[in-house]
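Participant: Could you work out the structure for the sequence below:
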Amino acid sequence: MSDASISSRTTSELEKEKNALQQQIEELRHTLSELTDNGVQQAEGHDLNQNPINAHSKSGYLSKWQDRAIGWGGTKWDLRFVRLEQGRLCYYRSHEDAAPRYMLTLKRCAVRDDGHKPNKRFRKNQSSDIVPLQTCNAFFHIFSIYVRPNGNEQNADDDNDEEIVPLLRFSTMSYAEKNQWIELISEACAYCNTDEFAQNENDNFSFERTPRSAKKLKGTLPMMHFDSGDDSIRSVPSFRELKVSYLKTNSSKDASTSNSKQKSGYPPSKPMHRCTEPSYLSNEAPVQNYRGFLNLGFIIFIISNLRLLMGTIQEYGFVIARGGGVVSALSFVDLPFISGLGLLNVFISQAYLIELNSSRGLLRERLSTSLHLVNANLALFVSIAIVWCLIDSPIGGCMLLMCAVTTWMKLLSYMHANTDYRNHPNRASLKVIDSLDQDSLDIVYPENVTLSNIYYFCFAPTLTYQIAFPRMPCRRWFRIATLTGRLVLSISAMYFLLNQVISPPLGEMIKELEAHDQKYAMFSFEIMTKYLPKLTIACTYTWLLVFYAYFHLFFNLLAEILKFGDRVFYKDWWNSSNVSSYWRLWNLPVHYWLIRHVYFPCIRKGVTKGNAMFIVFFISAVLHEVMISIPFHMIRPWCFLGMMGQIPLVAVTKYFDKIWPGSSIGNVIFWFSFCVIGQPTAILMYTIDYWKMESERNSDTMDLNSTLFESTREEL
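Facilitator: Predicted coordinates:
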């Protein structure tokens with residue numbers, strides 16, 4: 001058959017298919033028109049409010065206020081995809097997300113116009129100093145959504161600003177866009193308070209939260225993918241359903257082989273370069289699978305650590321088998337340690353009694369605040385006195401001080417939050433809290449002032465008090481058992497590293513200092529070059545084990561036992577591209593406490609953002625120094641200076657992150673400053689100072705004994 005006949009037959013068949021499809025389209029249009037006419041006739045006898053208000057639907061990108069994250073420049077605003085539909089406001093990380101990160105029903109809510117602030121990056125027109133409010137990108141136009149403090153009986157204009165706590169806060173650079181959002185949200189709030197909304201509340205609108213995929217946060221490195229192949233079964237088109245055949249039969253004898261003998265099968269002129277593509281390791285390359293490099297790194301990790309372990313055993317022997325080492329299990333559990341823990345419970349009970357009397361109006365506001373402050377500070381300073389005077393074990397002293405500092409922070413948060421609840425009862429809104437248990441659904445102040453409530457807060461893995469917490473429905477005992485087992489293994493690994501890898505080099509350094517008659521008593525370059533490499537890897541492993549055991553295993557174990565729901569105790573700090581992001585992501589309970597009870601109180605007092613962040617760093621540095629210097633019975637500034645030295649490092653790494661966004665320079669500086677220089681250097685300096693203090697104490701004791709011996713001999 002000739003090519004012309006094939007072409008003519010194909011054209012005629014395509015023409016027939018075209019006519020058939022056009023006929024089907026006309027039939028569908030006729031059916032749709034009939035359905036529409038019937039729907040209009042049925043709707044004539046009904047109230048217009050029976051349908052959910054589609055006119056109140058809107059979606060788009062807005063900048064959302066991140067009220068739980070701050071940086072060196074102040075609070076954060078992140079771009080979010082916002083959707084308003086049928087009386088519910090949802091926001092997503094991007095428009096590609098399948099499920100919202102948060103959904104708010106606008107019942108008993110209102111919207112507030114928070115005005116505008118100038119965009120400092122906007123360049124004014126030189127001919128005029130006045131910039132109209134409608135100028136795009138010249139201002140940040142802000143509005144917020146809040147729960148009505150006094151219900152819906154009066155206009156929102158009559159709501160007291162002191163009683164309003166924004167649930168969500170957004171900004172846009174378009175004045176018209178803000179007005180449109182405000183108008184639609186206000187109408188949606190009105191619709192949510194009608195009977196029609198209650199009837200249609202569960203109709204045609206349901207979102208289920210899906211696990212959040214790993215996303216790149218601000219100040220962190222881009223993701224490294226380890227994607228496996230897509231094993232999902234994909235449907236393929238059925239050739240039986242197609243009227244045109246695409247099947248061609250090859251008449252060659254070796255058609256089934258991949259190495260065809262015919263030259264046309266793979267000609268010498270076959271193009272090898274067909275498109276522009278980057279190299280696989282380039283930045284602009286598509287997502288790659290680096291699992292092979294991960295396997296290689298794991299092999300190198302095992303070999304290098306076995307070499308380190310064998311080297312320490314060959315040089316110092318098996319220290320634990322000889323009964324050596326600086327750590328003795330449970331040696332610090334004595335009467336002063338137990339008494340210190342008991343006194344902390346006394347201060348917790350006193351905080352409850354103070355708040356109970358305050359809630360009943362028996363104490364004035366200033367007297368209540370003063371008693372709370374005295375009680376919280378006594379909990380800290382009495383524990384410091386017990387550790388300094390009665391506990392010789394640095395491990396025991398450090399553990400008691402950690403409990404004391406934690407209790408101090410919790411008691412201050414308990415005082416601060418309940419004072420706010422007492423003076424502004426409508427701020428105790430549970431609308432923003434998901435997964436509440438049945439007992440906490442309608443709790444209001446002062447119903448939360450109970451002994452069980454304050455003790456739940458004291459044992460919960462958080463430092464910021466609130467009237468109710470997200471709760472899990474039940475305890476998973478198998479998970480409790482696995483977390484306990486992993487916690488025991490992690491503590492055992494830390495014990496082994498401290499005794500076998502870290503302690504022997506420090507003991508060798510002390511012997512060298514004694515042999516040279518305190519020649520190297522001060523920290524010197526020789527000590528740093530000799531002992532710093534020996535401690536770097538072991539200190540890094542110990543630090544990572546402490547993080548894993550405390551922030552992940554211990555906190556999750558407490559959360560599982562107490563059915564505590566919010567278990568984001570840290571974020572991906574290991575991807576930090578600047579030091580500021582590390583401190584923001586490393587320890588979220590402390591970060592939230594500093595935001596709520598230090599940073600924003602300073603801002604409300606008129607302190608600038610830079611000075612407020614300096615105060616935050618200063619308090620954190622002092623508390624770190626207290627938990628290290630006091631247990632060793634020596635006041636030294638090394639930890640304090642190390643943390644305050646982070647401030648210029650924050651500026652340097654943020655500068656690199658700004659000029660080279662997404663690069664690893666800031667992340668490398670962070671790891672190098674913490675693991676190679678910071679922690680090993682601090683350990684060496686504290687060890688030398690502790691050895692000097694013990695040497696002076698022993699020499700004084702020997703001098704006293706010799707003096708007593710001489711005086712006794714003269715008397716005899």
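Participant: So residue 434, which state does it fall into?
Facilitator: Taking DSSP: H, G, I helix; E, B strand; the rest coil as the rule, one finds residue 434 in the coil state.
Participant: So what does it look like in phi/psi?
Facilitator: In this entry, residue 434 is assigned phi and psi values of phi -90, psi 160 (degrees, to the nearest 10).
Participant: Could you tell me how many residues sit around residue 623?
Facilitator: Residues within reach of residue 623, counting by other CB atoms under 10 Å, total 19. The C-beta positions use only the backbone N, C-alpha and C, and glycine is treated the same way.
Participant: Can you spell out which helices and strands pack onto the helix or strand harbouring it?
Facilitator: Residue 623 is located in helix 609-629, with elements delineated by DSSP states H and E. When contacts are defined as 3 or more CB pairs under 8 Å, 6 or more residues apart in numbering; DSSP states H and E, helix 609-629 sits against helix 394-423, helix 588-594, helix 600-604, helix 638-644, helix 646-659.
Participant: Return the per-residue confidence for the closest residue to residue 107 other than its chain neighbours.
Facilitator: Closest residue to residue 107 in three dimensions, ignoring its sequence neighbours and counting by CB to CB, 6 or more residues apart in numbering: residue 192, at 4.2 Å. According to the predicted model, the pLDDT of residue 192 comes to 82.
Participant: just residue 330 next, same as before
Facilitator: The predicted local confidence for residue 330 comes out at a pLDDT of 48.
Participant: what is the mean pLDDT for the helix holding residue 623?
Facilitator: Averaging pLDDT residue by residue across helix 609-629 gives 88.
Participant: Any buried residues in that helix, and which?
Facilitator: Under the neighbour-count criterion of 16 or more other CB atoms under 10 Å, helix 609-629 has 609, 612-617, 620-621, 623, 625-629 buried.
Participant: now, which of the residues you listed sits nearest residue 136?
Facilitator: Using CB to CB, residue 609 comes nearest to residue 136 of the buried residues of helix 609-629, at 26.8 Å.
Participant: Around the closest residue in space to residue 665 that isn't next to it in sequence, how many other residues sit close by?
Facilitator: Spatial nearest neighbour of residue 665, excluding adjacent residues (CB to CB, 6+ apart): residue 656 at 4.7 Å. A count of nearby residues for residue 656, using other CB under 10 Å, gives 18.
Participant: try the one 3 residues further on
Facilitator: Counted with other CB under 10 Å, the neighbours of residue 659 add up to 9.
Participant: Sketch out the strands for the chain, chain order is fine.
Facilitator: Counting by DSSP state E, the chain has these strands, from start to end: 58-71, 74-85, 88-92, 102-105, 109-118, 139-147, 166-172.
Participant: Could you say which one of the ones you listed comes nearest to residue 577?
Facilitator: Ranking the strands of the chain by distance to residue 577, with CB to CB as the measure, places strand 58-71 first at 12.2 Å.
Participant: List every C-alpha atom in the helix holding residue 623, with coordinates, as CSV.
Facilitator: Below are the C-alpha coordinates for helix 609-629, written out as CSV (Å, rounded to 0.1, in the frame of the first residue of the first chain):
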residue,chain,number,x,y,z
LYS,A,609,15.1,45.3,69.0
GLY,A,610,18.9,45.1,69.1
ASN,A,611,19.2,45.8,72.8
ALA,A,612,16.3,43.4,73.5
MET,A,613,18.2,40.6,71.7
PHE,A,614,21.4,41.6,73.6
ILE,A,615,19.5,41.1,76.9
VAL,A,616,18.3,37.7,75.7
PHE,A,617,21.8,36.6,75.0
PHE,A,618,23.1,38.0,78.3
ILE,A,619,20.5,36.2,80.4
SER,A,620,21.2,32.9,78.5
ALA,A,621,24.9,33.3,78.9
VAL,A,622,24.6,34.0,82.7
LEU,A,623,22.4,30.9,83.2
HIS,A,624,24.8,28.7,81.2
GLU,A,625,27.7,30.0,83.3
VAL,A,626,25.9,29.3,86.6
MET,A,627,25.2,25.7,85.6
ILE,A,628,28.9,25.1,84.9
SER,A,629,30.9,27.3,87.4
